[in-house]
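Enquirer: I need the structure of the sequence given here:
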Amino acid sequence: MPFAHAATRLKHQTRLAAVAAAVAIATAGVAGCSSGSSSSSGTGGSGPEQTHITVAEVPATDEVPFYLALKNGYFRQQGLTVTPVPVHTSVDAIPELVRGSVQIIIGGNDVSFFNVEAKGVLNVRLIAPAGSCTQNSFALLTLPHSTIRKPSDLAGKKISVPTKASINTLLINSQLQDSGVNPSSVHYVDIPFVDASAALQAHQIDAISMIEPFLTEAETSGAEELMPLCKGPTANIPLSGDFTTASWAQKNPRTVAAFQRAMAQGAAAADSNHAADEQVLQANVKVPPSMVSLVNFNSYPTSLNVAQIQRLADLMFDGGMLKARLNVTSIMVPTAGAAG
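Expert: A predicted model of the protein is given here:
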């Protein structure tokens, strides 16, 4: 089946989202007290404080800039050795982030991490952007013979999301409201992207929310698009970003800046050469050659856009996903300048 190798690789290196949340809450009192990598250049000088960092990543189109930064040596140019650890969902890596075995979670679900910050579970810092929502890269799908043919048909139905407090839920709720449908009328079920298509085919779920390349995989398996999720109120909204703890960012400002510069180079490369995007996606997510040209890529900003990120946080508050408005500048590390 498509992505079988990637799914196997993921399942051997991840934690369940429920475990992640439980551990994160249990360790709230020590959040931000994680230890750093043993490979370090010290606190003096102009190079990174840590020369080796481990990052958690969800293999998807959001991570294309990261894959290009690895392949093209952008991290090495900044004095960093980066080890990726794949996970099913970004919140799976929260326990490792707290413990210090992972220093950065890339492509972290913005909604999930804004919630973590707002609830006081973990003091996080957003250090770089990942993907932004584009018209064809995120959608809600159903089976061809389904009775669900329009948004109002979703009332009372089960919809897959990687986690309920996620960008998926926010996008779906926004689109339902825009179509005059009460979001509380649907039932969300936690299913990782890698398993959602099979769950739909087995009729365990009525509709699935999918990002690329899993969206294309589901469509080639027979699913049909019911509702695009990146239009109207959610067009071009940030989907994800790269997160670390406030403590680690404060102790390692030069490491953060080096990481930011490398990721900015990766994002610029991703937006300028989709042939290269296809190559690294096929290599890292195991997309079959026959399918990779069908994948719709996100847009990849090279720096954090305060206005757009604040727009996302405000949409969360307006939709009841935050109890109080979040000033996103309080959790952002300004993007470092380009490498000299």
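Enquirer: What are the boundaries of the helices in this protein?
Expert: 4-11, 17-26, 64-71, 74-77, 94-99, 110-118, 167-178, 193-201, 214-220, 246-251, 253-272, 274-285, 289-292, 306-318 (DSSP state H).
Enquirer: Tell me which of these sits most buried.
Expert: Neighbour counts (mean count of other C-beta atoms under 10 Å) averaged over each of the helices of the chain peak at helix 64-71, with a mean of 26. Yep, even glycine has a C-beta here, placed from its N, CA and C like the rest.
Enquirer: Can you list the neighbours in contact with that one?
Expert: With contact meaning C-beta atoms under 8 Å, 6 or more residues apart in numbering, helix 64-71 is reached by 55, 57, 74-75, 82, 84, 106-107, 130, 262-263, 265-267, 269-270, 276-277, 280-281, 283-284, 297-298, 300.
Enquirer: average pLDDT across it?
Expert: Per-residue pLDDT values over helix 64-71 give a mean of 96.
Enquirer: what angle separates it from helix 274-285?
Expert: Angle, helix 64-71 to helix 274-285, by axes from the mean of the first three to the mean of the last three C-alpha atoms, to 10 degrees: 80 degrees.
Enquirer: low pLDDT regions in the stretch 201-340 of the chain?
Expert: 337-340 (pLDDT under 70).
Enquirer: let's see it at 50
Expert: Scanning the stretch 201-340 of the chain for pLDDT under 50 picks out 338-340.
Enquirer: As JSON lines, the helices of the chain with distance to I148 would be great.
Expert: Below are those laid out as JSON lines (distance: least, C-beta to C-beta, whole Å):
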{"stretch": "helix 4-11", "distance to I148": "26"}
{"stretch": "helix 17-26", "distance to I148": "26"}
{"stretch": "helix 64-71", "distance to I148": "31"}
{"stretch": "helix 74-77", "distance to I148": "44"}
{"stretch": "helix 94-99", "distance to I148": "33"}
{"stretch": "helix 110-118", "distance to I148": "24"}
{"stretch": "helix 167-178", "distance to I148": "13"}
{"stretch": "helix 193-201", "distance to I148": "11"}
{"stretch": "helix 214-220", "distance to I148": "15"}
{"stretch": "helix 246-251", "distance to I148": "43"}
{"stretch": "helix 253-272", "distance to I148": "34"}
{"stretch": "helix 274-285", "distance to I148": "28"}
{"stretch": "helix 289-292", "distance to I148": "25"}
{"stretch": "helix 306-318", "distance to I148": "25"}
